[in-house]
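1. test case, fold it:
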Amino acid sequence: MKRMFTLLGLVALLSFTVVAGIEEVVSGLKAGNATQIAKYFDNAVEITLFDKSNSYSKSQAELVLKDFFATNTVKGFEVIHKGENGGSEYRIGNLSTRTGTYRTTIFMKQKGDKQLLQEIRFENK
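-> Alright, predicted model coming up:
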């Protein structure tokens, strides 16, 4: 019986960790906080800005996001769709900025005990 409770507690903790990861990234988008989002970067992160896409290291990706947020002051982020598929999770939403609204998609994948950001896309709406 004790093992069952331990196992249930571990499953609950892992479930919270998975949800917390993507929700922290969503919170970072709402605040325009690249540093908060960067905590969840994988070793390489694909960033698409409008019609240009590139793969960046963690530190490069953080600088790209900081520059994007500096140019496009964030007013808010609203999730319009979410889903998961085989250890991956995504959110699609509208990022409202001073310069316009961008359809934004984030893809995260479970690696070990942590959910890591694989890709983020900003597309003109």
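2. run me through the strand neighbours of the strand or helix carrying Asn94, direction for each.
-> Element membership of Asn94 [criterion: DSSP states H and E] is strand 88-97. Strands flanking strand 88-97 in the sheet, each with its direction: strand 74-85 (antiparallel), strand 100-111 (antiparallel) (DSSP bridges).
3. among these, which is the most enclosed?
-> Mean neighbour counts were taken over the strands paired with strand 88-97 using mean count of other C-beta atoms under 10 Å, and the top value, a mean of 18, falls to strand 100-111. Glycine gets a C-beta too; all of them are placed from N, C-alpha and C.
4. re earlier: export the strand holding Asn94 as CSV, just CAs?
-> As requested, C-alpha coordinates have been extracted for strand 88-97 and formatted as CSV (Å, rounded to 0.1, in the frame of the first residue of the first chain):
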residue,chain,number,x,y,z
SER,A,88,5.3,16.5,-26.8
GLU,A,89,3.0,19.4,-25.9
TYR,A,90,2.1,22.6,-27.8
ARG,A,91,0.3,25.8,-27.4
ILE,A,92,-1.0,28.1,-30.1
GLY,A,93,-2.0,31.6,-29.3
ASN,A,94,-2.1,35.3,-30.2
LEU,A,95,0.7,37.5,-28.9
SER,A,96,-0.4,41.1,-28.7
THR,A,97,2.4,43.6,-29.0
